[in-house]
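Trainee: using only what follows, build the 3D model:
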Amino acid sequence: EPLNGRELGRLLAAAERQQADADDPDAGSDWLARRDVALLSLLARSGLRVSEVVALNVGDVTLNERSGAALVRKGKGAKERHVALALQARKDLRAYLDVRPDWPISRLFFSKTGNPLHTRDVQRLVAKFARLAGITRKVTPHTLRHTFATRFLRRGGDLATLQLLLGHANLATTARYLHPDAARVQEMVEGL
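Mentor: This next block holds a predicted model:
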């Protein structure tokens, strides 16, 4: 089940609260808090798989004021693709990159010890912020991917474009994200 808009907002707000606490002048700047916000934002606003996010290098991300993209080099099936990045994801990534330690590591996201993050690390982070947000059901990085796909379709996106964004080889795989709720069905039927 994807997160609804309220749950997604609470999840992202939980990470932003941690960032605000870390940015307190008395606490000092905390690049890890900005990393967490950027990581969650990227997962929720791009539809990338967790394995694709942890494999990103700094040079794989292009951030411009009007556009941006992530180059997924190690997608499922060893396919490469460019994924457009939403404005807020670009802002969150820029804020992170501005304070990211200049350590000799090419990975975009890494731990406080300088080791690349693994999928399990990201799964724990997502679960932590879901708990802090008061979301009682299980939330995983794939939940955020599913949420992105559902929101994309509900906002008028088409299946073919979503297929490209998600990196699916088969349109039938993408079609699994079509699950209109009762309110959406009623809304669509009302106009007929």
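Trainee: which residues touch the residue nearest the centre of the chain?
Mentor: With distances taken as C-alpha atoms, centre = their mean, the residue of the chain nearest its centroid is Leu43 (1.3 Å). Shown in contact with Leu43 (C-beta atoms under 8 Å, 6 or more residues apart in numbering): Val50, Val53, Val122, Val126, Pro141, Leu144, Arg145, Phe148. For glycine as for every other residue, the C-beta is placed from the backbone atoms N, C-alpha and C.
Trainee: which of these lies closest to Glu7?
Mentor: Nearest to Glu7 among the contacts of Leu43: Leu144, at 10.7 Å, using C-beta to C-beta.
Trainee: give me the element that closest one is part of.
Mentor: helix 141-154 (DSSP states H and E).
Trainee: give me the contacts around that helix.
Mentor: Contacts of helix 141-154 (C-beta under 8 Å, 6+ apart): 1-3, 5, 8, 40, 43-50, 53, 119, 122-123, 126, 159, 161-162, 165-166, 174, 177-179, 184.
Trainee: quick one: distance of it to the chain centre.
Mentor: 9 Å (C-alpha atoms, centre = their mean, to the nearest Å).
Trainee: so the residue nearest to the centre of the chain, which state does it fall into?
Mentor: helix (DSSP: H, G, I helix; E, B strand; the rest coil).
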